[in-house]
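Asker: Only the shape, not the letters, is given here:
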């Protein structure tokens with residue numbers, strides 16, 4: 001019987017030589033993005049003799065070549081090791097750089113594998129750290145077994161575990177997996193407005209880049225014969241746009257969430273997902289700050305939810321991601337909550353509503369907005385816009401009413417449970433002892449009615465309870481602060 005490989009991480013380790021291939025591939029990809037459009041313009045659009053185009057391509061190619069050579073040399077000057085409960089990374093050519101990361105500050109250890117990683121059986125290892133404004137640390141290519149061993153050591157490291165550790169595969173309990181039918185269903189009920197926005201962003205990018213290389217798109221637009229107004233034509237255009245948005249949502253969902261597995265591993269969770277770029281993301285129970293789940297109207301009909309596990313993050317670091325699992329049933333969500341919040345039972349909470357002034361304020365601003373639209377439409381004699389504004393007002397009133405009816409909060413000795421949403425539902429649960437700060441704010445409209453907004457902050461962000469009685473808010477704040485100060489558990 002073969003033994004598991006052993007790795008002594010107390011001695012300097014270098015990344016796999018596959019990292020060099022990744023550097024070359026990345027350089028070629030960036031180079032292609034930079035020169036593809038100018039190349040098409042100057043070669044295929046009659047500007048072959050343009051000195052500007054030739055110099056531009058040579059300049060970009062030269063910069064890319066220098067950058068690639070620098071990265072390859074830096075690969076042989078870089079190494080990492082563990083010493084005195086710190087992960088230490090050395091790098092640099094002309095100037096030496098030493099990065100020391102205390103193991104207790106490591107928030108999560110995630111893997112990524114693109115096609116090249118999978119072909120050569122290596123993994124990209126990404127470390128997220130809490131309480132720092134620095135970007136996450138990456139090791140571009142480590143042999144798969146060594147990467148698993150390093151991850152196991154960094155997550156479960158204690159003073160009793162030696163740095164030379166043998167990696168052995170652990171049995172993980174499957175909580176949820178997204179089959180192909182579930183994947184298609186999740187793509188169908190995604191936010192298609194976001195996909196539609198991507199279409200506009202792409203068209204604007206094409207327009208801006210054509211302008212930069214000397215092509216005025218407006219000249220070509222003026223030569224196109226404009227069709228006469230037709231309800232059928234416009235309906236077909238809107239239908240095509242919606243269909244294209246749906247296709248984009250489907251493709252994005254399949255690429256991102258293909259073969260998704262959410263597993264229970266030790267005292268945390270591991271999620272694996274991705275078609276071409278496979279990711280393995282981990283989160284330990286005590287580092288999860290909040291658990292939330294939400295749906296929209298279509299997801300509500302299909303009884304599926306998007307589950308999100310939020311870990312400690314920093315506003316300055318946009319790359320810190322939470323674990324998002326689409327297509328979960330309420331049973332899957334309750335199972336996850338039972339792990340993160342031992343003893344938590346969904347039906348044990350009694351919710352309080354916010355003041356009705358919250359609803360009247362929403363009505364007030366909705367009416368003001370629609371009156372402004374009607375006034376402008378009347379001035380320009382656009383009577384069709386007036387009817388559209390009236391429809392918009394009905395929609396805003398309905399959305400405000402549903403949002404008010406669903407908004408609620410419940411706080412007991414251990415947990416904070418918030419509810420919200422309009423046409424869909426949103427639920428957020430967090431442990432009281434992980435609360436880091438509390439803010440009570442009041443605007444002039446609230447002051448007349450002795451109402452305030454209560455905002456609770458933890459390491460993953462903030463959640464607010466709007467328009468509650470001032471006395472109640474201060475009582476809740478004092479109770480939470482007392483429980484936090486008397487609880488000796490670590491928030492991460």
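Answerer: Structure's in. What do you need? Predicted, not measured: the structure shown is a model, and the values here were computed from it. Numbering: from 1, shown residues only.
Asker: Can you give me the buried ones in stretch 99-113?
Answerer: Buried residues in stretch 99-113, counted by 16 or more other Cβ atoms under 10 Å: 101, 105-113. Every C-beta, even on glycine, is put in place using the N, C-alpha and C of the backbone.
Asker: tell me the two of the residues you listed that are most distant?
Answerer: 105 and 113 (25.4 Å; Cβ to Cβ).
Asker: Packing partners of the host helix or strand of residue 140?
Answerer: Per DSSP states H and E: residue 140 is located in strand 137-143. Helices and strands touching strand 137-143, as assessed by 3 or more Cβ pairs under 8 Å, 6 or more residues apart in numbering; DSSP states H and E, comprise helix 18-44, strand 86-91, strand 122-129.
Asker: Please identify the pairing partners of it and their relative orientation?
Answerer: Applying DSSP bridges, strand 137-143 is found paired with strand 122-129 (antiparallel).
Asker: Report the mean confidence score over the strand it pairs with.
Answerer: For strand 122-129, mean pLDDT is 86.
Asker: Residues in contact with it: which ones?
Answerer: 16, 18, 87, 101, 105-113, 117, 136-144, 147, 150-151, 154, 280, 311, 313, 319-320 (Cβ atoms under 8 Å, 6 or more residues apart in numbering).
Asker: Could I get the buried residue list for that strand?
Answerer: In strand 122-129, counting by 16+ other Cβ under 10 Å, buried: 122-129.
Asker: Quick one: mean pLDDT over the helix or strand harbouring residue 455.
Answerer: Under the criterion of DSSP H and E, residue 455 resides in strand 451-458. Strand 451-458 shows a mean pLDDT of 95.
Asker: same deal with stretch 347-360?
Answerer: 92.
Asker: how far does that stretch sit from the chain's center?
Answerer: In this view, stretch 347-360 has its centroid 29 Å away from the chain centroid, taken as Cα atoms, centre = their mean, to the nearest Å.
Asker: ditto for stretch 382-389
Answerer: Counting by Cα atoms, centre = their mean, stretch 382-389 comes out at 38 Å from the chain centroid.
Asker: one step back: distance to residue 379 added to the helices and strands packed on strand 137-143, as TSV?
Answerer: Putting these into TSV (distance: least, Cβ to Cβ, whole Å) gives the following:
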stretch	distance to residue 379
helix 18-44	42
strand 86-91	63
strand 122-129	53
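Asker: same for the strand holding residue 455, what does it pack against?
Answerer: strand 437-441, strand 461-469, helix 470-486.
Asker: sorry, back to before: averaging pLDDT over each of the helices and strands packed on strand 137-143, report the lowest-scoring one.
Answerer: Among these, helix 18-44 scores lowest, with a mean of 71.
Asker: Check which helices and strands the helix or strand just after it sits against.
Answerer: Sequence-wise, the next helix or strand beyond helix 18-44 is helix 51-76, with elements assigned using DSSP H and E. Applying 3+ Cβ pairs under 8 Å, 6+ apart, one finds that helix 51-76 contacts helix 18-44.
Asker: what ranges do the helices span in the stretch 201-350 of the chain?
Answerer: For the stretch 201-350 of the chain, the helices defined by DSSP state H, counting those that start in this stretch occupy 217-223, 231-257, 297-302, 330-340.
Asker: and the shortest one, which residues are buried?
Answerer: Buried positions in helix 297-302, judged by neighbour count with 16+ other Cβ under 10 Å: residue 299.
Asker: Sketch out the low-pLDDT regions of the stretch 51-200 of the chain for me.
Answerer: By pLDDT under 70, the weakly predicted segments of the stretch 51-200 of the chain are 51-57, 130-136, 156-171, 193.
Asker: Recalculate using a threshold of 50.
Answerer: Along the stretch 51-200 of the chain, the model assigns pLDDT under 50 to residues 158-170.
Asker: what pairs with the strand holding residue 455, and is each one parallel or antiparallel?
Answerer: Strand pairing for strand 451-458, using DSSP bridges, gives strand 437-441 (antiparallel), strand 461-469 (antiparallel).
Asker: picking that back up, please narrow the buried residues of stretch 99-113 to those residing in strands.
Answerer: 101, 106-113 (DSSP state E).
Asker: how about TSV for the residues you listed, with distance to residue 188 added?
Answerer: Converted to TSV, those look like this (distance: Cβ to Cβ, whole Å):
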residue	distance to residue 188
101	42
106	38
107	33
108	30
109	33
110	28
111	29
112	27
113	28
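Asker: Right, I'll leave it there.
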